[in-house]
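S.K.: Pasting the sequence and the predicted model now:
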Amino acid sequence: MLRLSVLALTVSMSVAAFAAPQKNEPIQPIEPAVVTNQAKVELGKQLFFDPRLSKSGFISCNSCHNLSMGGSDNLPSSIGHNWQEGPINSPTVLNSSLNLAQFWDGRAADLKEQAGGPIANPMEMGFTHDLAVDVLASIPQYVQSFKEVYKADKITIDEVTDAIAEFEKTLVTPNAPFDKWLKGDEAALSADAKAGYKLFKDVGCTACHNGPAVGGNSFQKMGVVEAYETNNPAEGVAGLTGDDLDRFKFKVPTLRNVELTYPYFHDGAYWNLEEAVDVMARLQLGRKLEKEEIAQITVFLKSLTGEQPSFTMPILPPSTAATPRPQPFVK
Ligand code: HEC
Ligand code: HEC
């Protein structure tokens, strides 16, 4: 008898907690990835973690896009081959499949095109595409995996970048507290987070940070109302087009998992999320927010941290006598 009434109580409580989903919000939930080719994803995962794609044999994609650290390196700018200081902050790879283009200036159309860049970038992995393919071709287990996935005898850089991109597409972070709230779970957000979200919309952050990734879908000027002071020489989209109107236009970063992806902005100059919110409100919207308002927006932003990708670490196939040796200290 007692048990029954407890059960009835639980049922009615959960019905109350799961009301109808929110409608017409500028932010939509992240959906889990749908994997259609598991073997390709597994191969891409190995390549993402394999430091042998770098000249030093020490740097992998995961060095700068650490999946234990929100898909970033938590450095103002990355450390590349031979301890070189990178020119710009490393964006997270989490949810990067939702970006309209890749890189701060959008110079790569998609993840596959992007993945070729770092391997051959002398400031990053410092290798060449040919040498990277030679390394893989010297490792029988890789040869076998590529053959199974691509039905071809020879490994090509095209296949390498295709597999990495396929793995990256799985790096989405669904089920953030904010998404649970969007889907109707009122209890998923605190009162402060709800107040912060309302402010985020009311002051106009959603003009640029919207969609499932809360960004990633447009290029916007940094410093709309007030100029951004930085020593970083990056020009944004103007570096590609040469058009003065594109100066300081950057891809709007995703705010998903933003509490994990400090430091902030293309120059990585701000370590605290509160400071970044203050800068945005002043420079983009001409609005000086109160401390309390900044705190509430920050609580809301932290509710955008979703389930991090979880998988077993890939075991990489061993090198052979024929595998070109790494050159960690050669410029
Ligand atoms: C030495 C550090 C470093 C390594 C190694 C590295 N990256 Fe990056 N990555 C960066 C930096 C810095 C940027 C931003 C560059 C820019 O926008 O000009 C970036 C950008 C990206 C982006 C674009 C994200 C966005 O929001 O625009 C993706 C995706 C990415 N890298 C994936 C990879 C993959 C895949 C590998 C391995 C093949 C890799 N990276 C290796 C530092 C690195
Ligand atoms: C006019 C478009 C625009 C508006 C409005 C805007 N942002 Fe941004 N936001 C950007 C751009 C562009 C960047 C990247 C700037 C850079 O790195 O130089 C950015 C970066 C950020 C970052 C840093 C993310 C990272 O990973 O580096 C945060 C946090 C942020 N915005 C929050 C906000 C908040 C909160 C508001 C409202 C108060 C807001 N933004 C309003 C365009 C905008």
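M.R.: Great, that's in hand. Ligands and ions are numbered 1, 2, ... in the order given.

S.K.: contacts, neighbours, all on C-alpha from now
M.R.: Noted.

S.K.: quick one: buried residues of stretch 284-304?
M.R.: 284-285, 289, 293-304 (16 or more other C-alpha atoms under 10 Å).

S.K.: If you could redo that for stretch 222-240, that was the one I meant.
M.R.: Within stretch 222-240, the residues that count as buried by 16+ other C-alpha under 10 Å are Met222, Gly223, Val224, Ala234, Glu235, Gly236, Val237, Ala238, Gly239.

S.K.: could you pick out which of the buried residues of stretch 284-304 are near ligand 1?
M.R.: Contacts with ligand 1 are made by none of the buried residues of stretch 284-304, judged by C-alpha under 6 Å from any ligand atom.

S.K.: Which residue ranges of the stretch 101-250 of the chain form helices?
M.R.: Secondary structure of the stretch 101-250 of the chain by DSSP state H, counting those that start in this stretch: the helices cover 111-120, 129-137, 140-150, 157-168, 177-182, 191-202, 238-241.

S.K.: Pull the most distant pair out of the buried residues of stretch 222-240.
M.R.: Val224 and Gly239 (18.4 Å; C-alpha to C-alpha).

S.K.: So what's the gap between stretch 120-130 and the chain middle?
M.R.: 21 Å (C-alpha atoms, centre = their mean, to the nearest Å).

S.K.: Within range of ligand 2, give me the residues from the protein.
M.R.: Counting by C-alpha under 6 Å from any ligand atom, the chain sits next to ligand 2 at 200, 204-205, 207-208, 220-222, 250-253, 255, 258, 264-266, 276-277, 280-281, 284-285.

S.K.: before we move on, the earlier item: out of the helices of the stretch 101-250 of the chain, the one nearest ligand 1 is which?
M.R.: Nearest to ligand 1 among the helices of the stretch 101-250 of the chain is helix 111-120 (4.4 Å), distances taken as C-alpha to the nearest ligand atom.

S.K.: Same question for that closest one: list its buried residues.
M.R.: Buried positions in helix 111-120, judged by neighbour count with 16+ other C-alpha under 10 Å: Leu111, Lys112, Glu113, Gln114, Ala115, Gly116, Gly117, Pro118, Ile119, Ala120.

S.K.: still on that earlier bit, please identify the most buried of the helices of the stretch 101-250 of the chain.
M.R.: Mean neighbours per residue, mean count of other C-alpha atoms under 10 Å, is largest over the helices of the stretch 101-250 of the chain for helix 177-182, with a mean of 23.

S.K.: Restricted to strands, list the buried residues of stretch 284-304.
M.R.: Using DSSP state E, no member of the buried residues of stretch 284-304 falls within strands.

S.K.: Sketch out the low-pLDDT regions of this protein for me.
M.R.: Along the chain, the model assigns pLDDT under 70 to residues 1-18.

S.K.: Please, where are all the strands along it?
M.R.: Along the chain, counting by DSSP E, strands occupy 79-80, 84-85, 219-221, 249-251.

S.K.: Those strands: which one's closest to Ala101?
M.R.: strand 249-251 (8.2 Å).

S.K.: ok so, going back, can I get the strands of the chain in TSV including distance to Ala165 and mean neighbour count?
M.R.: Shown next, in TSV, are these (distance: least, C-alpha to C-alpha, whole Å; neighbours: other C-alpha atoms under 10 Å):
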stretch	distance to Ala165	mean neighbour count
strand 79-80	21	21
strand 84-85	25	14
strand 219-221	22	20
strand 249-251	19	24
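
S.K.: Of those, which is nearest ligand 1?
M.R.: Using C-alpha to the nearest ligand atom, the nearest of those to ligand 1 is strand 79-80, at 3.9 Å.

S.K.: mind listing what the closest one pairs with, with the direction of each?
M.R.: strand 84-85 (antiparallel) (DSSP bridges).

S.K.: do the strand it pairs with and ligand 1 meet at all?
M.R.: No: against ligand 1, strand 84-85 shows no contacts by C-alpha under 6 Å from any ligand atom, the least distance being 8.4 Å.

S.K.: Outside of that strand itself, list whatever touches it.
M.R.: The contact list for strand 84-85 (C-alpha atoms under 8 Å, 6 or more residues apart in numbering) reads Ser77, Ser78, Ile79, Met123, Glu124.

S.K.: Report the contact partners of the last one.
M.R.: If you count contacts by C-alpha under 8 Å, 6+ apart, Glu124 has them with Ile79, Gly80, His81, Gln84, Gly86, Pro118.
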